[in-house]
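*Asks:* turn this into a structure:
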Amino acid sequence: MPRVQQVKVAAVQAAPVAFNLEESLKKVETLTAEAAKQGAELVCFPEAFLSAYPWRYAFDATIGIREPRGRKWYAKYYESSVAIPSTEFELLQETARENSINLSIGIIEKEGATLYCTAILIGKDGTLLSKHRKLVPTAVERLVWGRGSGESLKVVDAGFGKIGGLICWENYMPAARLALYQLGIEIYIAPHEDDLPSWIASMQHIAKEGRCFVISVNQFCKVSDFPSDYPPFTPDHHDRNPDGQPWAKDDVLNHGGSCIVGPLGTFIAEPVWDKEEIVYATLNLSDLAEARVGSLHMLLR
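*Replies:* Next up is the predicted model:
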């Protein structure tokens, strides 16, 4: 079959209903259907979308101590995570099939007693095409999530390009990036929780370094996306917002910045800040070959 020359993709900048897997899955269904109606064939959700990135909370774990309240909230977190296989995972497969799209989504995956920060890619027919667990959780994330394995650094051909990617600060691991370049990655998905301006520069650098398209997808998240009794945001907690005040419902936890970058490091879709939005772009796959003219990129293969 002739190679597809263009494909429309979508980066869903939104937040889940934290710690509520059922409602978060409904949000995935709604937003995926919306993107599919706009013609997207690849729909990408942020890191830990099902069902929470536990902002500002390590579940009351400190060196030598595990507080009872933290144990209860960790149990809630565990219950709102996704096992593969499970009924919840089947709902994701059904969402991909019903909308005839490729679905990339960040989940908190549970296997046995361990939680992992995982990125999955489900094909149009509902098949699980890839599953990548975050290799080394960042900083205090290591108290909550287990480590992944380099065996999951793969790319898959979805019929319009070779797709793969890394999760959040894994993108600062040169050897992990190189592994994907050597596999011939063409569409690089970066689900994350970093809204610093320097992140955007990193995404442009990776696109140009790898001569690939980069879909950078982040949450836009507020305190109101969390349960009202979530410990960091209750009045009796020591945590405060950036102004030094108790957290309010409309306080922003993550400003977003989702964007889509071409293989020469230039924006196809500019970063979007401070709102929930689906960011769209049409990828011209001939740009991949054009970007490699005169470069050393092919030496990586």
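*Asks:* please make it C-alpha for all contacts and neighbour counts, starting now.
*Replies:* Noted.
*Asks:* now Ala10: phi and psi?
*Replies:* The phi/psi pair for Ala10 (degrees, to the nearest 10) reads phi -140, psi 130.
*Asks:* is it bridged to anything, and to what?
*Replies:* Per DSSP bridges, the residues bridged to Ala10 are Val43, Tyr280.
*Asks:* what about the helices in the protein?
*Replies:* Secondary structure of the chain by DSSP state H: the helices cover 21-37, 68-79, 87-99, 174-182, 197-210, 286-291.
*Asks:* got the angle between the first one and helix 87-99?
*Replies:* So the one you mean is helix 21-37. Counting by axes from the mean of the first three to the mean of the last three Cα atoms, to 10 degrees, helix 21-37 points 20 degrees away from the direction of helix 87-99.
*Asks:* can you get me a residue count around Gly150?
*Replies:* Counted with other Cα atoms under 10 Å, residues neighbouring Gly150 total 13.
*Asks:* grab the nearest non-local neighbour of it.
*Replies:* Leu135 (6.8 Å; Cα to Cα, 6 or more residues apart in numbering).
*Asks:* how close does the spatially closest residue to Gly126 that is not a sequence neighbour get to Ala158?
*Replies:* Leaving aside its chain neighbours, Gly126 sits nearest to Gln93 (4.4 Å; criterion: Cα to Cα, 6+ apart). Between Gln93 and Ala158 the computed distance is 15 Å (Cα to Cα, to the nearest Å).
*Asks:* give me the more crowded residue out of those two.
*Replies:* Between Gln93 and Ala158, counting by other Cα under 10 Å, Gln93 is the more crowded of the two (21 against 16).
*Asks:* surely that one touches Ile120?
*Replies:* No. Counting by Cα atoms under 8 Å, Gln93 does not reach Ile120; the two are 10.8 Å apart.
*Asks:* touching both of these two, which residues are there?
*Replies:* Common neighbours of Gln93 and Ile120, using Cα atoms under 8 Å, 6 or more residues apart in numbering, are Leu128.
*Asks:* including distance to Lys124, could the helices of the chain go into CSV?
*Replies:* Output for the helices of the chain, formatted as CSV (distance: least, Cα to Cα, whole Å):
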stretch, distance to Lys124
helix 21-37, 11
helix 68-79, 28
helix 87-99, 5
helix 174-182, 23
helix 197-210, 25
helix 286-291, 23
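*Asks:* which one of these lies closest to Asp60?
*Replies:* helix 68-79 (4.7 Å; Cα to Cα).
*Asks:* so which bits of that closest one are buried?
*Replies:* Judged by neighbour count using 16 or more other Cα atoms under 10 Å, the buried positions of helix 68-79 are Gly70, Trp73, Tyr74, Tyr77, Tyr78.
*Asks:* can you put these in TSV and add pLDDT and distance to Trp199?
*Replies:* Below are the buried residues of helix 68-79 laid out as TSV (pLDDT from 0 to 100; distance: Cα to Cα, whole Å):
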residue	pLDDT	distance to Trp199
Gly70	94	31
Trp73	97	30
Tyr74	97	29
Tyr77	98	27
Tyr78	98	29
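*Asks:* now, among these, which is nearest to Ala14?
*Replies:* Ranking these by separation from Ala14, with Cα to Cα as the measure, puts Tyr77 on top at 19.2 Å.
*Asks:* what segments of the stretch 201-301 of the chain are strands?
*Replies:* Taking DSSP state E, counting those that start in this stretch as the criterion, the stretch 201-301 of the chain carries its strands at 213-218, 220-222, 252-261, 267-273, 277-284.
*Asks:* which of the ones you listed is buried the deepest?
*Replies:* strand 213-218 (a mean of 30; mean count of other Cα atoms under 10 Å).
*Asks:* who does it touch, helix- and strand-wise?
*Replies:* Contacts defined by 3 or more Cα pairs under 8 Å, 6 or more residues apart in numbering; DSSP states H and E place strand 213-218 against strand 6-13, strand 187-192, helix 197-210, strand 252-261.
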